[in-house]
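In: my questions concern the predicted model and sequence given below.
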Amino acid sequence: QVQLVESGGGLLQTGASLRLSCAVSGGTFSSYAMGWFRQAPGKEREFVAVINWSGGNIYYGDSVKGRFSISRDNAKNTVTLQMNSLKPEDTAVYYCAASKYLYTNYYSALRYNYWGQGTQVTVSS
């Protein structure tokens, strides 16, 4: 059974940086596309970033381009989301997700097979 565990969330001020990590066990991590999504209260789950199995294909949501960076370490079965220049609107629960393929509609949560429990990120103004 594939399990994803996020870590690194916290309470920060505007302009700060934060790194989220997702550790994956079970399955074949090195073959999965790995994504990050977020969900703020009362809002739909929003695509943040995705990285394919090799790291050669990376995509970001428009709201985080230029500020967030996704990376992976296939030797450690981890994927990381580096978040810089944080804004109050980045406040959300952040979820790590795994997909067996990098679909063309990678921004759809429906394309992901496995999910973590989420980690809270709160950015104060």
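Out: Structure received. Numbers count the residues shown, from 1 in each chain.
In: what pairs with the residue most central in space within the chain across the strands?
Out: With distances taken as CA atoms, centre = their mean, Trp36 lies nearest the centre of the chain, 2.0 Å away. Under the criterion DSSP bridges, Trp36 forms beta bridges with Ala49, Cys96.
In: Arg45 versus that one, what's the distance?
Out: For Trp36, the distance to Arg45 (CB to CB, to the nearest Å) stands at 11 Å. Heads up, the C-betas are built off the backbone N, CA and C, glycines and all.
In: anything in contact with each of these two?
Out: Residues touching both Trp36 and Arg45 (CB atoms under 8 Å, 6 or more residues apart in numbering): Tyr95.
In: quick revisit: contact partners for the residue nearest to the centre of the chain?
Out: 20, 22, 48-50, 70, 79, 81, 94-97.
In: for the residue nearest to Ser30 when sequence neighbours are not counted, what are its contacts?
Out: Spatial nearest neighbour of Ser30, excluding adjacent residues (CB to CB, 6 or more residues apart in numbering): Asn74 at 4.2 Å. Listed by CB under 8 Å, 6+ apart, the contact set of Asn74 reads 29-30, 53.
In: which of the residues you listed sits closest to Gln117?
Out: Phe29 (17.5 Å; CB to CB).
In: quick one: the closest one and Lys76 touch, right?
Out: No: at 9.0 Å, Phe29 and Lys76 do not qualify as touching, with contact defined as CB atoms under 8 Å.
In: would you convert the contacts of Trp36 into TSV that also reports neighbour count, pLDDT and distance to Gly8?
Out: Formatted as TSV, these follow (neighbours: other CB atoms under 10 Å; pLDDT from 0 to 100; distance: CB to CB, whole Å):
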residue	neighbour count	pLDDT	distance to Gly8
Leu20	24	98	4
Cys22	25	98	9
Val48	26	98	14
Ala49	25	98	15
Val50	25	98	18
Ile70	21	98	13
Val79	30	98	12
Leu81	26	98	8
Tyr94	23	98	9
Tyr95	23	98	13
Cys96	29	98	11
Ala97	24	98	16
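In: many thanks, we can stop here.
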